[in-house]
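Enquirer: fold the following.
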Amino acid sequence: ARGSSLLHSLSHKLRMRQLITTESEDGKALLGSIGNAKLIIHKNSKVAQGEEGVFVIENPHGCSDEVLAGIEQHLVSISGQGSGHPVVLAHGDPKAGGLCGLVAQGTLDDITAAMSEAADVIPADTVVETDHDMSVPDE
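Expert: You can find the predicted model right below:
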């Protein structure tokens with residue numbers, strides 16, 4: 001079991017090196033890309049530690065229901081390949097004026113695989129960001 005854990009840790013570090021290109025100005029996040037989507041991995045997220053976590057996949061400029069369904073289809077396709085993840089936890093409703101976004105739970109590898117497969121349907125300016133704890137600064 002210890003060897004498997006070490007192998008997983010090494011695999012995670014290699015994947016991070018492939019995806020990450022820089023650090024945020026405040027030093028709290030790692031920045032990179034998956035295809036044409038911007039990737040933000042917050043250092044205090046479970047994903048940054050190599051664990052399964054929650055990702056918010058959103059296009060701030062909006063999209064159609066068909067685009068969102070296409071991305072979700074790729075996420076579901078990856079989950080059917082054995083790991084059971086990623087799992088789509090929530091999705092927006094662009095046609096009704098809602099957000100162009102999904103919330104999915106999985107590993108960085110799961111999300112990377114799904115987003116790479118969905119590259120042909122992902123609009124420019126899409127952001128894939130890890131969920132993380134936030135707090136209001138003391139005054």
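
Enquirer: which ones are touching the closest residue in space to Pro94 that isn't next to it in sequence?
Expert: In space, Pro94 comes closest to Cys100 once its chain neighbours are excluded; the distance is 5.0 Å by Cβ to Cβ, 6 or more residues apart in numbering. C-beta: built from backbone N, CA, C; applies to glycine. For Cys100, the contact set (Cβ atoms under 8 Å, 6 or more residues apart in numbering) comprises 58-63, 67-68, 92, 94, 123.

Enquirer: ok, Cys100 to Ser24 distance?
Expert: Shown here: Cys100 relative to Ser24, a distance of 23 Å by Cβ to Cβ, to the nearest Å.

Enquirer: returning to that earlier point: pull out the buried members of the contacts of Cys100.
Expert: With burial judged by 16 or more other Cβ atoms under 10 Å, the buried subset of those is 58-59, 63, 67-68, 92, 94, 123.

Enquirer: among those residues, name the ones in helices.
Expert: Counting by DSSP state H, these place 67-68 in helices.

Enquirer: can you tell me the strand partners of the host helix or strand of Val128 and which way each runs?
Expert: Assigned by DSSP states H and E, Val128 falls within strand 127-130. Counting by DSSP bridges, the strands paired with strand 127-130 are strand 37-42 (parallel), strand 53-58 (antiparallel).

Enquirer: just name the shakiest helix or strand of the chain by mean pLDDT.
Expert: Lowest on mean pLDDT, DSSP states H and E among the helices and strands of the chain sits helix 2-19, with a mean of 62.

Enquirer: can you name the element that comes right after that helix?
Expert: Note on helix 2-19: by DSSP H and E, the next helix or strand toward the C-terminus is strand 20-23.
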